[in-house]
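fold the following, please.
(5 chains)
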Amino acid sequence: MSTSTLSRVWDSDLAWSFRHSKTALISSVLLVVLFGAAIFAPQLATQNPFNIAELELWNSELPPFWVEGGSRDFLLGTDVQARDVYSSILYGLRLSLIVGFASVILAAVIGISLGLLGGFVGGTVDAVIMRFADVLLSFPAILVALLVNGIARGILPPSQHQDAAIYVLILAIGLTNWVQYARTVRGSTMVERGKEYVQAARINGISGPGIMFSHIMPNVMGPVLVIATINLGMAVLTEATLSFLGVGMPATQPSLGTLIRIGNEYLFSGIWWVVIFPSIVLVVLVLSVNLLGDWLRDALNPKLR
Amino acid sequence: MTLLQVENLTVEFPSRRGTLTAIEDVCLTVAPGEILGMVGESGAGKSMTGAAIIGLIEPPGRIARGEIRLEGERIDNLDREAMRRVRGRRIGAIFQDPLTSLNPVLTVGEQLIETIQTHLKLSRSAARERAIDWLRRVGIPAPEKRVDTYPHQYSGGMRQRVVIALALCAEPRLIIADEPTTALDVSVQAQIIALLRKLCKETGASVILVTHDMGVIAETADRVAVMYAGRVIEVGTVADVLRAPRHPYTAGLMASIPRIGEKPDILPQIDGSMPRLNARPDGCAFNPRCPKRMDICTRLRPELTPDAHGDVACHLFSKEPAT
Amino acid sequence: MKNRLMMTSAAALLGLGLGAASAETLRYGTAADIYGFDPHSVTDSFTNIFMHHIYEPLVRYNAELDIEPALATHWELIEPTRIRYFLRDGVTFHGGETLDASDVAMSLMRAVHPNSPLRGNLPGLVDVEIVDDLTVDLIMGGPSPLLNNFLTNIFIMDSGWLEANNSVAPIDANQGEEGFTTSNANGTGPFIVESRRPDAQTVLVANPDWWDEPQHNLTRIVHTPITSAATRVSALLSGEIDLIEPAPLQDAARIESAPGVRMLENPGLRSIMMGFNLTDTLNDGNVDGNPLADVRVRRAIEHAIDMDLIRDRIMRGKSRNTGALVAPEVPGFTEELNERLPFDPDRSRELLAEAGFPDGFTFNLNCPNDRYVNDEGICQAMAAMLARVGMEPRLVTEPRQIHFERAQAGQTDMFMLGWATLPMLDGFSVLSAMLHSPDGSMGTWNPGGYSNPRVDELTRAIEIELDPEVRMAMMVEAFAIAKEDVAWLPVHQQPLSWAARDEVELTQSADDLVRLWYARINR
Amino acid sequence: MSPHSEAPLLEVSGLRKSFDLSKPFINRLIERSERQLVRAVDGVDFTIQRGQTLSLVGESGCGKSTVAKLIMGLTRPSGGSIRFEGTELADQSAGKPAPVRRRMQMIFQDPYASLNPRWRVARIIAEPMKSFGTHPDPQARRREVDRLLEFVGLGAADGDKFPHEFSGGQRQRISIARAISTKPEFLVCDEPTSALDVSVQAQILNLMRELQRELGLTYLFISHDLAVVNYISDWIGVMYLGRLVELAPAAQIFANPQHPYTRLLLDTVPDISMVNRDMDRPAGEVPNPITPPPGCHFHPRCAHADARCKAQMPDFIATATGHARCHAVQEGRLSPIAERTALRGVM
Amino acid sequence: MLGFLIRRIIQSVIVMLAVALIAFMMFRFMGDPVNSMVPEHATEQERAEVRERLGLDQPLFVQYGRFIARAATGDFGLSWRNARPVSTLLAERFPATAELVLVAAVLSLVVGIPLGIYTALRPHSFNAQTLQFLSLVGISLPTFVTGILLILVFSVWLGWLPSFGRGEVIDIGWWSTGFLTASGLKALILPSIMLCLFQLTLLMRLVRAEMMEVLRTDYIKFAKARGLSDRAINFRHALRNTLIPVITIFGLQLGGLIAFAIITETVFQWPGMGALFIQAVNFGDVPVMAAYLVLVSFIFVVINTSVDLLYASIDPRLRVDDAGPAGGGH
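Numbering: from 1, shown residues only, chains lettered A, B, ... in the order given. Model prediction:
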């Protein structure tokens, strides 16, 4: 049974398309590497850059090991605070991905629930949800995220800003991105709701929530997967942008965006490695996610098959 | 003199599970002024044949073999531009859904005029006159006014009339009508069929009428070609094929259609269903469902063979001894 | 193809733009913008020095930081509390009004108005009496040895202009209205305001009717605030700006090696120090009471910080480590005071254990991130060093406005402050503002609440002591007590770090004030 | 009105359903337009006897599918009553009063949409049993699923497959298996064969007849295809713009159609028996149901319409063969000539 | 059409009221406004006086009403950061942002739409595939990284273009424009490229997807079957249907440009509203944040409403004044 499931999965159109798409393969290999690096950051890193006690200032501003003056202890060099760039990237990647995934999950949960509800129940509930979504959609994500961030900063006492930063970011990004899910899920739900299998379920006495979750939800998840993938890239970018603007992760817990912001200050000083390496990792990460999302969208689009 | 001659037309679709043959060795002729019905179940290849004739097979599909001759001239190997000039001017087409066949943001007049001007050297005002004339001919009331309205302002039946006008306005010799009435109500369907017949009589155009509805074929066509699993299995006059079908599939099909005025206890039925393109059995594609299957049917593909009543592709009627 | 097209058009545009900056225009980029033109409504140093180009005081510092006459030509001590100033004749404001005694009287009283944040900068002024059109008497509450030093920072405005524009009282930023004097200026200085776009550009033009002989050859000053240090440097390197201040230390090497530009570096007067919360509780602690109130803990902190490393790494070797709260150039400094406790993490841990905190404690460490040279970096490094001896500082870095507001409100446990003793250029500045117990008039920058009766007593005595020798001895004694108590933790004197194009000729004074009336452009 | 004298299984009377298609309030205010109600079903009466089949035929938009949904409780009626063995269902929605609802099931038109594509076939068929609690034990349920699959002509192993692995006809068999899993007595079949190919249609129709014989089922059959209806029905109701215009035993409808619309339908159905029939086709289309013609809705297309037809809605009156809603029939203006029968005789 | 317009305007007013509510809440709950207005050592008595003077002792909805009344006249009080009227600050900054956004919008339209059409028409050509990949790179590159790179190359290495600011501007009334001076135009180049890049690739991808969708429709197939020329099919039939939804996209895009201008203005020290807003966020300068929010929302609402109206007037299917279909065609 399980082997037949496996072989069915292997033999499915999606898997076939995956095996035959160079971009999908390359980008997923890159993503596996990056996710692995993020997950095993504590094991892979030579230093915990968040533990300020580990920073030894006399090691500051070392170049990458292959450049003269570099040290093999600090593969990609160190920044002005003697943070190991390699380790910082691992931990920064971890933070960026945590924020990315958590905000995508938050957005997806909100969006799917509201979309299902609006699409299934219809009427006033739907109208209210969708008007709200329309309004939110007309506000660019980065602005809403900035605003949520600004309000959170205003409400929280300053000593908690640093500890709360990551949650504020997740909240800010998550709250801005649910609209896409809600609209898509609502659209598909309205199509599915009209389908006869839903009528059959109603005839058979299945309750509203039962139909919503066990019948309709599995059938509207395809596009959600695509949105979630593309959204992950956007969420990581938004996090990086907010951090770059100085309202994201603090300098003591740098995400990729914070690293780039800090590195940017040293761009003309010849300390290029502090800004270049995090930028490359960020771009590779987002590009891989987007490539995969692009492929997934095409692969799941029945019209393109 | 035949208007259209199709020989051994084969259309293939490369796919990840190998090449799929959508239609295989299809042979057809259409005489001038004749209405040829093409009938078959969904997936039999009847629409694909029409698309191949008009040169609109969606890539990656391609014509793998065969020839298509229009008035003696090969058209299957024309370049893009030459084929474009054939379409509309010499072969017209009508599609199933009048709702989606018309561009929603252009008025009916604009669409007619551009089609007319593409093929006929006419001034804009002359083209407009002609467009109004065509609207009148297809039975649109007040065509002078309606010419400047948008498709969404027409009812379903009226839209299909506009589609017919568009297909006929450059007076092609051949019309390919792909399920022209399927999306319409019965009472409208009858009007459209009658209109199509009347206009073809007037202009002398031939029609390939693709449909799954035997009733439409019976009432409209002169001859009928029955397709099954990508092949033509029987061709003949409507009277012959409908009243005395010879291929077991045609016979089974005709018998399984419920008729008004007859109420048998049980409808004759063909068990099973048509094979998918990627799972066509060897030999005769119909053999797993065939009540008269012979040994040879599982091995050898029967060819379409002419005899007194038309052509049939079945070993029961082949001249070679059945072994 | 498309690319090449774009480049060509860019080059064409460039051609058009060449020569836009004439020889006499100085394009000047700084990290921040001025707050406005009202000289009596802000204490911000940068705004203050910028005002020197527009407004003038009675006396001023020259490039060597000696006091010289400006709007007053000379002065006399009539009584210990009455000093007479003789005004320069024939000085006109930019608006054409002539300078007279009523202008001085109104301006000085305006500066000490209760609304004015500058009121502490002219302590002891009781009244101004007009003797005649060009003579005023300043009535002081007591002997004022530093009166002239204070006066270098008090600008003279035109009384008629102030009255006409309903601005006799300085702007109260809390009143919810914008004052006329914030966006309009009418001074006697070497430059006249031509235009201003807040946060974008302020343009000054040379004052042709200036009373003084101009040493500069400028016709225009275009000032642009450029917050980002990297952008500031790139603007200098690309020739869009002639002078930047400050120039980031980390870019010094690159600037030096680039053609056509150079660094201007000197030791500065501004001493950076860390203040402590000395009240009963920490703002953000995990222990009862306040460990920082224990002098052993403060010593432990001093022992934990490797200032040499911070100097070498964060400050690129350009800062001057210090044990004193004032720079060597400032009266009150002695070599003995300049000794720091040695860097000794072990001793630090011992002291912490002695004080009863072997496992450390949390507290917040607040720093500005846009005020001093590498302020954020210093604090990060300090936090790291404190963490290494077991303390758990929670670093908060914020823009200067928030930081200083927070620090002054006593919401921080350890905070960074820089003090250049301006305009006094005297140790009394530190004693009165930062070491005297807060009592409303003194101790205005002592939010931690440091209080030592002897220091208070000495400070009061120094205020009115006119004999320099005695004064000096008292200052040294007071500073020694503060040092023993680690009332403040001295960090270093930050370097002056400007960068300019080669053709710009400048004098750099230790007070880090850019005096463009000494600037020349030699193209 | 009832075809038989004994108590009917299903009794529908005065059934009405209207949909509100009005523009938003603001628009109505500005344009001074009225609320727009579409009367999708407008006073339909019929009864079905146990073990019999009643078919509703008509063109798209005539309200026949809405009737099916109303009976199954998928949408609430605006008025009228639906009684199942005397139990009033009009005010109860789908699935709620389990004891009666379990006895009613439905087969849908589109075999591709009526099965949840993410569910395995066994789960699909078992859902009603689970929901109505007829087979609480999962293993017994699975055994029943296997039995049903074989009963409708599939294999027990097919239960582990997904719907997309089946052809249209096979899916409709799965749909039927689901519908009979709770052992219902009454099935609503909404165009169950119109999406199928002709050869498969015969299989499904035969299966349904077989089920009716074996399980004693009662059908309400909805279709636009008169020939199919002819094969399956005992009684036929013809609908036009939300109203029943004629209701009669199947044989009578074909042999002796009363209402002009029934006649029109019979005339226009393409018939394989009518090779190259050439005759004048009646013009006109079904009017927009939002703005139906006054009086008899059919009058603009009716050759026999007179002033009364334009003004007054005819009642549903008894005729020689059943019931019809036509002034001309009532007044005897329509000769009961059966042109169709005459024509058919030619063949 | 009138009904549609009125409904949209009512919706917009509701949106603006909701945004104003958020702004108002920011005032009330992000720090006590009294604290920022009284001297540190003020007594409780003095605080109460300020409270009364500001009307803070009245019920919330009364305060909200007054806030709206003042906001409607553009009065948001003084910036907490530099004590200047917020309306003046925004008015000073508005032209800079508007010009930047305008140039970026035009650039992204002029480049994005043709590229989208090109890649949709030749989806399998090498150029189109390359463009498609580059567009992915385009939306994957963080805009600030793009900006840094642009400065590095064009300002620092090549020294061609300014790295910050607007260059020289000329005042026309209260509007300061950089369009009329060479240095102003030069200063616009890099920021507008940075700003438009993301939107441009987004627009290109949307146009491509939309057009490919249109090219698959039946009416295009039917147009081909009538032998219309490629030109007529691609540009007369497909493009028109593509561009109608693109209008909506463009409306959203303008909003996106205004928002992304925040980043561009930060990187290029562009003295626009976005830079002001970021400073305000950093300083917790609530009046500026609130005013920016209300102003930008107002701009968005105006853009969205006009786009909807434009859409409705361009798409013949949405012209409500036309008569509906004659028969029951569904």
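
how much space separates the closest residue to chain B within the stretch 1-150 of chain D from residue E:59?
Per CB to the nearest CB, residue D:59 is where the stretch 1-150 of chain D lies closest to chain B, at 4.0 Å. For every residue, glycine as well, the C-beta is placed using N, CA and C. Distance, residue D:59 to residue E:59, using CB to CB, to the nearest Å: 63 Å.

now do residue D:205
Per CB to CB, residue D:205 is found 73 Å from residue E:59.

over to residue C:120?
Here residue C:120 is placed at a distance of 42 Å from residue E:59 (CB to CB).

go on, residue B:250?
Going from residue B:250 to residue E:59 by CB to CB gives 85 Å.

and the longest helix for the chain?
Answering for chain A, as no chain was given. Determined from DSSP state H, the single longest helix within chain A is helix A:85-121.

was after chain E, sorry
helix E:86-121.

what about it and chain C, touching?
Yes. For helix E:86-121, a contact with chain C is found by CB under 8 Å from any CB of the partner chain, at E:88-89, E:92, E:96.

now render the residues you listed as a markdown table, adding pLDDT.
Shown next, in a markdown table, are these (pLDDT from 0 to 100):
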| residue | pLDDT |
| --- | --- |
| E:88 | 84 |
| E:89 | 85 |
| E:92 | 85 |
| E:96 | 90 |
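
next, count neighbours for residue E:299.
18 (other CB atoms under 10 Å in any protein chain shown).

does it touch residue E:258 like I think?
Yes. Under the criterion of CB atoms under 8 Å, residue E:299 makes contact with residue E:258 at 6.6 Å.

list the buried ones in stretch A:203-210?
A:203-206 (16 or more other CB atoms under 10 Å in any protein chain shown).

the residues you listed: which ones sit near chain C?
Filtering the buried residues of stretch A:203-210 for proximity to chain C by CB under 8 Å from any CB leaves nothing.

of those, which belong to helices?
residue A:203.

quick check: closest non-adjacent residue to the residue of the stretch 1-150 of chain D closest to chain B.
Nearest residue to residue D:59, sequence neighbours excluded (CB to CB, 6 or more residues apart in numbering or on different chains): residue B:185, at 4.0 Å.

so which of residue B:250 and residue E:59 has more stuff around it?
Legend: neighbour count by other CB under 10 Å for residue B:250 and residue E:59, higher for residue B:250 (25 against 8).

check the gap between that one and residue B:243 for me.
11 Å.

which pLDDT value goes with the residue in the stretch 151-300 of chain B that chain A sits nearest to?
For the stretch 151-300 of chain B, the residue closest to chain A is residue B:278, as judged by CB to the nearest CB, at 13.1 Å. Model confidence at residue B:278, given as pLDDT, is 79.

now for it: which residues touch it?
By CB atoms under 8 Å, 6 or more residues apart in numbering or on different chains, residue B:278 lies in contact with B:15, B:17-18, B:20.

out of those residues, which touch chain A?
Contacts with chain A are made by none of the contacts of residue B:278, judged by CB under 8 Å from any CB.

elements contacting the helix or strand where residue E:23 lies?
Assigning secondary structure by DSSP states H and E places residue E:23 in helix E:2-29. Here helix E:2-29 touches helix A:123-138, helix A:141-155, helix D:25-31, helix E:60-72, helix E:286-314, going by 3 or more CB pairs under 8 Å, 6 or more residues apart in numbering or on different chains; DSSP states H and E.

Throw those helices into CSV and include distance to chain C and mean pLDDT, thanks.
Below are those laid out as CSV (distance: least, CB to the nearest CB, whole Å; pLDDT from 0 to 100):
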stretch, distance to chain C, mean pLDDT
helix A:123-138, 28, 82
helix A:141-155, 11, 76
helix D:25-31, 41, 71
helix E:60-72, 12, 81
helix E:286-314, 10, 84
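
now these as TSV including distance to chain B?
Compiled in TSV, these are given as follows (distance: least, CB to the nearest CB, whole Å):
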stretch	distance to chain B
helix A:123-138	24
helix A:141-155	32
helix D:25-31	18
helix E:60-72	40
helix E:286-314	8
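
in JSON lines, list those helices along with distance to residue D:40.
Conversion of the helices and strands packed on helix E:2-29 to JSON lines gives the following (distance: least, CB to CB, whole Å):
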{"stretch": "helix A:123-138", "distance to residue D:40": "19"}
{"stretch": "helix A:141-155", "distance to residue D:40": "43"}
{"stretch": "helix D:25-31", "distance to residue D:40": "21"}
{"stretch": "helix E:60-72", "distance to residue D:40": "46"}
{"stretch": "helix E:286-314", "distance to residue D:40": "29"}
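
and of these, who's closest to residue D:260?
helix D:25-31 (36.6 Å; CB to CB).

for the residue in chain B that chain A sits nearest to, grab the count of nearby residues.
Nearest residue of chain B to chain A (CB to the nearest CB) works out as residue B:16 at 5.4 Å. Residues near residue B:16, counting by other CB under 10 Å, number 10.
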